[in-house]
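A.B. asks: Sequence and computational prediction follow.
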Amino acid sequence: MTRQLLVLTACFAVCVSLNAFGDTKLEYNRDIRPILSENCLPCHGFDEKARQAELRLDLMDSAYADRNGTIAIVPGSLEKSDAWTRIISQDPEQVMPPSKSHFRLTDVQKKKLKTWIEQGALYAGHWAFIAPNKALLPAGAIDNPIDVFVRSRLADNGLKLSPEADRSMLIRRVALDLTGLPPSAEEVEAFVNAESIDAYPQLVDRLLQSPHFGERLAIDWLDSARYADTNGFSIDGGRHLWLWRDWVIQSFNDNLPYDRFLVEQLAGDLLTNRTDSQLIATGFQRNNMVTHEGGTIPEENLTNYNADRVKTLGESILGLTLGCAQCHDHKYDPITQREYYQMFAFYNSLSDKGLDGNAGVNPGPSIQARTVLRTNEESALQQQIAQQQSTLANVDKEVLSAWEAREKVTLAHGGKDFALHPIKVVKVSTPNRGAGFEVEGESRIRLKEPGGMGAFDISTELPKIDRPITGLRVIMRPVAELPGGGWGKGIAGGGKPKGKKKAASPEPIAESAPEKSTKGTFMLTALAATADKIPGDQVNLFKMLPIARVTANSWERGREPAGCLNPLNDSGWSPDLATDGPVHLTATFSEPLTASETPFLTVQLNFGNGNNLVPELIELQAVTGTDDGTDLPNEIERSLRIPAANRTPEQALLLWKYCAEHAVELESMRTELSNLQDRLDVLTKPFTTMVMDVAAKPRETFILNRGDYSQPTDRVQPGTLAVLPAFPADATPDRLGLAGWLTAKDHPLTSRVAVNRFWKMLFGSGLVNSLADFGSQGEWPSHPDLLDWLAVDFVDSGWDTKALIRKIVLSKTYRQNSATTPELLERDPQNRLLARGPRFRLPAELIRDSALKISGLLVPRIGGPSVNPYTPGDLWREVSHYGSSPATAQTFVQDHGEKLYRRSLYTYWKRTAPPPNMMAFDAPNREVCTVARGNTTTPLQALVTLNDTQFVEASRAFAQRVLSRSDKTDGERLNWAFLETTSRKPNDQESHVLLKALARERSRYAMHVDQAKASIRVGESPIHPKFDTVELAAWSQVAAILLNLSETVTRN
Amino acid sequence: MNPFEHSQQHLLRRTFLGDATRGLGSIALGSLLFPEFSNASELARSGGGISGLPHFAPKAKRVVCLFQSGGLSHVDLFDDKPMLHEHAGKEIPPSIKGTQRLTGMTSGQSAYPVVPPLKPGKRCGQNGTWISDLLPNIQGIADDICLIKSLHTEAINHDPAITFMNTGNQQPGYASMGAWVSYGLGTENENLPAFIAMVSQGTGKNPGQPIFSRLWGSGFLPSSHQGVGLRPGANPVLYLSNPPGVESSQRREMLNDLSELNSLRAAELGDPETLARINAYEMAYRMQTSVPDLTDISQESEATLGAYGPEVLKPGSYAANCLLARRLLQRDVRFVQLFHRGWDQHIALGRQLPNQCRDIDQPTAALIKDLKQSGLLDDTLVVFATEFGRTVFSQGKIGDPGMGRDHHGRSFTVWLAGGGIRGGMEYGATDDFCYNIVEKPVHLRDLHATILHCMGIDHSRFAYKFRGLNTRLTGVEEAHVVNEILV
């Protein structure tokens, strides 16, 4: 059968090719230019240096010219056309393209060229460089103009539009397209049952007003702008540009005219009376990657940064591969290298540096600004915060007594069978030093020049004892020579660790500096240990020993022992300066070690790179028995030892306050409170963001020979491309002038490129399917008149994005059923003629967002700093410079509470280790401008939606929603769940399969309740005790099937 | 029944049956049915490669790239010269140093004294190849390897250099070597990805220079060709394990339900992409069993384990990854790449380099011997590479324990072995100070062209159209296969 099909397919291809141009007039731009461009223009095109025989085949005059008796192309005469005789020549010396060039003309291409010459070899200017015109619509046309054009092309091919999709398909499609979220079951039913003939336009208008509209539209623009949360190159420290991202969302929601959208992003800083919002907008061209790799030559990188900006401008706004002209004239399009550097010059005036951002904070220039988001949440947030605070302030007797009981047990057991044993230190290493630290004696380490040394990996041998080793003690001894005879070189309050707290932290309001002491101290920012059968020079990231508890004999307020369990640099343990003598910290392992099984222990002590708070003399000991220390402040310990009835009100209050801050029962409440506070800060406080500016002394721009920063040749001034409309004489030769030129009414590219990108979002492919390349090598538009009509209409409407999108989604073309037939699949496999509704897999973000929405977990807040939802393991640290660099974003710390359930465009995007559940679904790593992502189908995608904690939890949460309904039967529940997931009701066969699955899982989990328990305990969202474990587990499996349906991840 | 439904049912039936004899047939069938469907055809490509490849009979079917990340010191390990000892401690002659650019880390130094190799070495094998005593086991395989001592790159910093070496371009956005090979040739094992990457942390410098997923990324190629990370621990491939409370048999039943539901809908809408998705779920399921089988080394003999050295028992180590590489190659995984971090010896060369060498010496040699013993070396190309070499002059003061060497892209050494390569030879030469190339320079592009050549691919004809350009691993400039090192 396979063979037959092959033959059929081959035959079909030939038939098509013959029919394609047998009698019809060939069109130069559509039919011939691509062939010449691909095969001939590299040597006979625009690039002067590469040009052979002084022949240009892209210009009619040159092609027709007589050169010593030979003429490349003679209209109407194959025999006289030298190009043709060379094309069909059998002589390897004569044939064109040359035999060694690897360019080969196919038979179809040859036939086209032949026909073209026969038909008169007519040339035409490249369509995309000529301003679009609105084609006249047939008189009295009542159709949406889009349908007029699409129908006409379909009619030419003997096809017609498919019937309109049913309402459930339609609402799902348009809701996903305009908000990125599937409609709820109730919304579907309301729409399906709506009687108004305006139900669909009303739905569209409602969706266009949704705050999620801006989020959906932002995703594609973030790809184009290569938006991410880290600097990208090498160490890849964190940055803050989310204010820009939120500007994009708000701009789409406000329907900022597209020309303003561009002007503010390109040149907001140059506008008169510019606002903070306009400055934030200029972050667009600060999204490029930057480096803070030591040894970098700044000039080289500045060149790369500007080259990236020109490339991005070209691909995202102009639809031209400007980047091709960095080293030489463009091979295909009329873009000279000089023009390239004229465009480059617009950006070369920025005051950015070639080596910046080392601490993992924003490379300059940057400003402090408040968000442009208007979400109207403040008062609600303030109320919620006050409420949470008062809840936490009120004594919860149950929690208090449980906490008290636990603490008393711990106190009572403290020191039971406690003993310390020396650990043999074998070796110490630290990334950035080879000297200045030594092992002294058996178990001591001396850091002789401790300033700024970062993390130390200490390879040790455990003492050969039979008793289980329950923990590790780290002792810092005072050294007479250190300041004040203290433990370290650093002075408290004088050596704040570098690196910012977290992305969400607003710029700190200057606090009064803490009083400086003269006693040398340290801060242990992180502690980790691993045990193994063989010695390890470094802690094994994959086998970190879980630590149950840390205590110390002394600590400074705000630098409690537990601070060292957070691997980030901003928290840590420091002793109280009032303490005399050695200080120590004791970590109790969750599982004791047996020296005979894992004789080698590796310990990592991190003091925060670049931080002077480093001790000098360290000693390690193994602990057996129960730790004799405590993590309780003295006054708390004292109060705990007093019977409750005898405590003073102050003591009781103190105890509750401490309990409220530490009791595990209240952890989710504390998380919620802190998330709410973060959110309020986001909406009300200033944060740093990267912007454009003009340097006090702007750099000069030169043409760079071969694009090499070290080979400047002619100096150039800012300027645009000769092939496009002239740069207005009265415009300033700066980015503002550039923006004005781009958004001029008659610019042939800007509007077409924009319209085409929105079309792609709605149809899965563009009218021009090479979205970033409208040049000679780009694709001929499937509907040129439609593209031009839309482009002109877009400009005429005042660049009204919402109106454009509304027009498209109201068309019959958009509203077609997406079901297809074998005939249609054969005729038009890629649906370029649009004889059926578009269907394609959802973008990565929308797959996760759908699962969150369906499960009810979604926290639909707009904007704010990026968040770190579930990720399997610390993928950042596996590739990063952790312990060696003060840069942020070197170790992954998962967020909790509502930050786990934000939409995926808010997931923290670390460029060198992007979120894997997004990458599996073709999300770009945002290193460079991406216009139009790929769309693959791979097994890794299946693994994500089947096994990722986020999706497993979503299944369970969805099951909870299902079980919370008042439906009486499984069938009713299933109908709702199916509708909620796919926007339609299941048919009988589908119900049968799912109900059978439900029954099977029910009986399975009834027999294996432990399994049921385990299966529902995935994820951090709470499970209401009212749910029966087996029932919840069984429904969770059904929910997982629903979330994994091809239909669920597809927009149809 | 119309042909579409017929073929669809055929495809589904085969998928359901889990037909053991079904090689790539069903996937290829999908691509025949739906040649223009990007999604279906991407799936086909991930299995089958592109038509017309290989261009000629390949010498190697698979590649293992042992990437020494951070810049391995060719001066210390492979390229000793008598002059270095004569000139020890003296300023490098200006005629040698020339005017080439240095990194910002040494460009301000007041002196550039020559530092001879840290440890002596010896002439090894029949060819008498000099290899440092820091690599005693690699000394032992000298007859199997071909050293290219005249490799050069333009980049002088890690990010551009390592990106160049792995993707053919200094700037991000390009496809990695493994992705190219996966795209071109596909896989012969449909239960495992065609391209697998593993990362280990060296003991020389902890942590080493950062590395980036773009080094095994797909760039502009379809993302199905990106290298899949294989990591130590319970989840060797991300998201591989079923969630708690879900057994494999249970998952099988669930996937059957899912397939049934998906195929019902596919038939209704005539949607070929759904068929591709059904296949993807089946392959995911097969990966769930094939990966644990791959990573379970309990059946390896004591002798084998011993050969790779003690660290082989430490998941995630270079040694453990070398053994896994052999197991992957055995299973016909097309491109396996190890990244071993920690070679960036700017400081404390004397302290860091011996550690780093100890990490890789025994396992690397063991892998070659193991491949040789099993016959796999005949059609496996081994590439031992790094992003650049290190300066012959010191970074910092001679005698200071903190002394090291800076980056040096002007000349450095990599070696190849196995399918298509002449073992026991050296190619190209540097000057007396192992600073400039004096004989047979090999650019990174040439190395890439040679790697592709061994796989039966003509680099100049192996292109992917992106942004209007036929983009190649070897870039736009001319590249040459290094024919003299080929069998």
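C.D. replies: Looks like it arrived, so ask away.
A.B. asks: contacting residues around the longest strand anywhere in chain A?
C.D. replies: In chain A, assigned by DSSP state E, the strand with the most residues is strand A:583-593. By C-beta atoms under 8 Å, 6 or more residues apart in numbering or on different chains, the residues outside strand A:583-593 that reach it are A:462, A:468-476, A:487, A:524, A:527, A:529, A:531, A:545-554, A:561, A:564, A:573, A:575, A:601, A:623, A:626-627, A:629. All C-beta spots, glycine's among them, are computed from the backbone N, C-alpha and C.
A.B. asks: Which residue does the stretch 201-350 of chain B have closest to chain A?
C.D. replies: Nearest residue of the stretch 201-350 of chain B to chain A, counting by C-beta to the nearest C-beta: residue B:348, 1.7 Å away.
A.B. asks: who touches that residue in this structure?
C.D. replies: Per C-beta under 8 Å, 6+ apart, neighbours of residue B:348: A:433-435, B:401-404.
A.B. asks: again, but for residue A:545
C.D. replies: For residue A:545, the residues meeting the contact criterion (C-beta under 8 Å, 6+ apart) are A:528-531, A:589-591, A:593.
A.B. asks: 10 Å instead, please
C.D. replies: A:471-472, A:528-531, A:539, A:587, A:589-591, A:593, A:598, A:601-603 (C-beta atoms under 10 Å, 6 or more residues apart in numbering or on different chains).
A.B. asks: Mind telling me what element it is part of?
C.D. replies: Under the criterion DSSP states H and E, no helix or strand holds residue A:545.
A.B. asks: What residues does the stretch 401-550 of chain A have near chain B?
C.D. replies: Listed as neighbours of chain B in the stretch 401-550 of chain A under the rule C-beta under 10 Å from any C-beta of the partner chain: A:427, A:429-436, A:455-457, A:459, A:532-543.
A.B. asks: Find the residue at the geometric middle of chain A.
C.D. replies: Nearest to the geometric centre of chain A sits residue A:909, at 4.1 Å (C-alpha atoms, centre = their mean).
A.B. asks: closest point of chain A to chain B, which residue?
C.D. replies: Proximity of chain A to chain B (C-beta to the nearest C-beta) peaks at residue A:434, 1.7 Å away.
A.B. asks: my read: the residue nearest to the centre of chain A touches residue A:230, true?
C.D. replies: Yes. Taking C-beta atoms under 10 Å as the definition, residue A:909 is a contact partner of residue A:230 at 7.2 Å.
A.B. asks: what does the model give the closest residue in space to residue A:683 that isn't next to it in sequence for pLDDT?
C.D. replies: In space, residue A:683 comes closest to residue A:378 once its chain neighbours are excluded; the distance is 5.8 Å by C-beta to C-beta, 6 or more residues apart in numbering or on different chains. Looking at residue A:378, its pLDDT stands at 97.
A.B. asks: same deal with residue B:5?
C.D. replies: pLDDT recorded at residue B:5 is 48.
A.B. asks: Count residues in the vicinity of residue 68, would you?
C.D. replies: Answering for chain A, as no chain was given. The number of residues packed near residue A:68 is 5, by other C-beta atoms under 10 Å in any protein chain shown.
A.B. asks: that's the wrong chain, I wanted chain B
C.D. replies: Residue B:68 has 26 nearby residues by other C-beta under 10 Å.
A.B. asks: before we move on, what about residue B:274?
C.D. replies: 28.
A.B. asks: Please identify the buried residues of whichever strand or helix holds it?
C.D. replies: Using DSSP H and E, residue B:274 falls within helix B:272-295. For helix B:272-295, burial by neighbour count (16 or more other C-beta atoms under 10 Å in any protein chain shown) applies to B:272-288, B:290-291, B:294-295.
A.B. asks: before we move on, back to that, buried among the residues of the stretch 401-550 of chain A next to chain B? Need that as a selection in PyMOL.
C.D. replies: Only the buried entries of these go into this PyMOL selection, using 16+ other C-beta under 10 Å:
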select buried, chain A and resi 427+429+430+431+432+433+434+436+455+456+457+459+532+535+536+537+538+539+540+541+542+543
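A.B. asks: just to revisit the earlier point, buried ones in the longest strand of chain A, by neighbour count?
C.D. replies: A:583-589, A:593.
A.B. asks: Flag the helix or strand of the chain with the lowest per-element mean pLDDT.
C.D. replies: The chain I'm using is chain A. The weakest-scoring helix or strand in chain A, judged by mean pLDDT, DSSP states H and E, is helix A:2-21 (a mean of 36).
A.B. asks: that answer is for a different chain, and I need it for chain B
C.D. replies: Scanning chain B with mean pLDDT, DSSP H and E, the lowest is helix B:25-33, at a mean of 34.
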